[in-house]
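Trainee: When you get a sec, could you give me coordinates for this:
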Amino acid sequence: MAMENIPLTFACGQYDRMDPLARGEVSPAGVDLQYVAMNNPREIFDRMIRHHEFDVSEMSVSEYVCRYADGERDLVGIPVFPSRAFRHSCIVVNSNIIQKPSDLNGKKIGVQLYTMTAAVWVRGVLQDAGVDLSTITWVEGDLVHPGAHGNPRSKPLLRPVDIIRNGNSKSLSQLLEEGELAATIGAHPPTCLGKVAHIQHLFPDVRGTEKEYFQRTGIFPIMHLVVIRKEIVEKYPFIAKALYDAMDESKNVSLRRMKLASTYSYMLPFLSSDIAEVEEIFGGDPWPYGIESNRKVLELLITLLFDQAMISRQVALEELFPMKCN
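Mentor: Below you'll find the predicted structure:
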């Protein structure tokens with residue numbers, strides 16, 4: 001007698017690589033998947049970590065690694081990476097104060113959340129550009145509104161870092177515009193960028209800088225992975241591989257459609273030339289899943305987490321992804 005499919009909820013953003021899965025064109029073997037589309041990643045992370053509201057979810061990779069290293073093993077990661085991004089475009093400065101990266105030494109920098117993955121990657125970029133991170137005062141808060149960014153439950157850092165909360169009645173964007181912050185970093189630029197002349201990207205040629213970074217390092221930063229509640233994996237061990245295979249196929253279907261479509265599904269006027277450039281730089285698949293295809297980028301992230309006092313040891317990838325998926 002055939003086993004009935006296992007019903008699972010999956011909370012994730014509305015990404016093109018997940019669209020065939022969300023629509024039911026691709027289905028995980030043995031699973032009835034209910035796709036819960038949410039466009040606020042912080043809300044997904046908070047609800048999953050605090051209350052296990054979903055069976056499967058998108059998750060901050062830095063939060064997953066930090067929780068694992070600290071002994072919290074209630075979630076099991078699979079090497080599916082819904083969100084990746086170069087973050088050079090998210091380093092925005094008040095040009096009345098900052099002209100070059102080393103000018104940031106000794107300054108206040110606004111950040112949505114010190115421990116967020118985007119900030120981990122950006123600090124690595126800044127350090128490579130000559131910024132002494134130990135001299136920075138980090139001001140945590142929301143870029144758009146006064147107060148905090150989400151409701152995270154961050155792990156304490158393993159050595160002192162100069163972090164203060166934004167207790168001002170203004171957002172980080174407003175503080176940057178008025179010169180109380182020298183820069184902001186995070187998952188997106190501040191709202192004052194493009195509206196105020198003295199608010200500029202730290203790296204003016206963002207696209208050229210990001211291309212050079214990838215060609216020099218081979219790193220396309222990973223932001224999020226997919227996690228499953230541990231008790232589900234223990235009860236149904238096949239689910240990790242089933243989800244991985246379906247999500248990988250969903251991504252491949254979307255990639256083929258993007259490359260071969262006679263009409264554009266995306267509002268990108270230069271899509272055909274963008275695709276040609278991606279082919280040249282990334283060699284076919286710019287968004288690989290799996291451990292081996294991403295070993296270099298994941299191991300660098302773990303090194304950054306260790307160097308930035310967020311984990312006490314450099315955790316092996318085979319620990320973080322215990323299920324054989326690819």
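
Trainee: Any regions of this protein where pLDDT drops low?
Mentor: By pLDDT under 70, the weakly predicted segments of the chain are 1-2.

Trainee: Tell me which residue is most central in it.
Mentor: The residue lying closest to the centre of the chain (CA atoms, centre = their mean) is Met223, at 1.9 Å.

Trainee: is it true that it touches Phe86?
Mentor: No. Met223 is beyond contact range of Phe86, at 10.4 Å (criterion: CB atoms under 8 Å). Every residue, glycine included, has its C-beta placed from N, CA and C.

Trainee: For Leu158, the count of nearby residues, please.
Mentor: Other residues near Leu158 come to 14 when the count uses other CB atoms under 10 Å.

Trainee: contacting residues for it?
Mentor: Ala309, Met310, Ile311, Ser312 (CB atoms under 8 Å, 6 or more residues apart in numbering).

Trainee: same thing but at 7 Å, please
Mentor: Neighbour list for Leu158: Ala309, Ser312 [criterion: CB atoms under 7 Å, 6 or more residues apart in numbering].

Trainee: hang on, the earlier thing: which non-adjacent residue is nearest the residue nearest to the centre of the chain?
Mentor: Nearest non-adjacent residue to Met223, counting by CB to CB, 6 or more residues apart in numbering: Ser83, 4.1 Å away.

Trainee: Which parts of the stretch 51-200 of the chain are helices?
Mentor: 61-69, 117-128, 172-177 (DSSP state H, counting those that start in this stretch).

Trainee: same for the longest one, what does it pack against?
Mentor: Identification of packing neighbours for helix 117-128 by 3 or more CB pairs under 7 Å, 6 or more residues apart in numbering; DSSP states H and E yields helix 61-69, helix 295-307.

Trainee: pull the CA atoms of the first one into PDB?
Mentor: By that I understand helix 61-69. Backbone C-alpha positions of helix 61-69 (Å, rounded to 0.1, in the frame of the first residue of the first chain) are rendered in PDB as follows:
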ATOM      1  CA  VAL A  61      22.500  31.400   6.600                       C
ATOM      2  CA  SER A  62      24.400  33.300   9.200                       C
ATOM      3  CA  GLU A  63      21.700  32.800  11.800                       C
ATOM      4  CA  TYR A  64      21.500  29.100  11.000                       C
ATOM      5  CA  VAL A  65      25.300  28.700  11.400                       C
ATOM      6  CA  CYS A  66      25.400  30.800  14.600                       C
ATOM      7  CA  ARG A  67      22.600  28.800  16.200                       C
ATOM      8  CA  TYR A  68      24.100  25.500  15.200                       C
ATOM      9  CA  ALA A  69      27.500  26.500  16.500                       C
END
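
Trainee: Give me the residues contacting that helix.
Mentor: Helix 61-69 has contacts (CB under 7 Å, 6+ apart) with 45, 75, 77, 115-117, 120, 155, 222-225, 227, 301-302, 305, 310-313, 315, 320.

Trainee: correct me, but the residue nearest to Met223 touches Val226?
Mentor: No. Counting by CB atoms under 7 Å, Ser83 stays clear of Val226, with 10.3 Å between them.

Trainee: Those two: which is more packed in?
Mentor: Val226 (26 against 22).

Trainee: Near the closest residue to the more buried one other than its chain neighbours, how many other residues are there?
Mentor: Nearest non-adjacent residue to Val226, counting by CB to CB, 6+ apart: Val80, 4.3 Å away. Neighbour count of Val80, defined by other CB under 10 Å: 26.

Trainee: circling back to that earlier point, so the residue nearest to the centre of the chain makes contact with Ala85?
Mentor: Yes. In this structure, Met223 is within contact of Ala85 by CB under 7 Å, at 5.8 Å.

Trainee: And the residue nearest to Val226, how far from Phe86?
Mentor: Separation of Val80 from Phe86 (CB to CB, to the nearest Å) stands at 20 Å.

Trainee: Where do the strands of the stretch 51-200 of the chain begin and end?
Mentor: Under the criterion DSSP state E, counting those that start in this stretch, the stretch 51-200 of the chain carries strands at the ranges 56-60, 75-78, 92-94, 108-111, 137-140, 163-165, 183-185, 199-201.

Trainee: Deepest in the core, which of these is it.
Mentor: Scoring those by mean neighbour count under mean count of other CB atoms under 10 Å gives strand 183-185 as the most buried, with a mean of 29.
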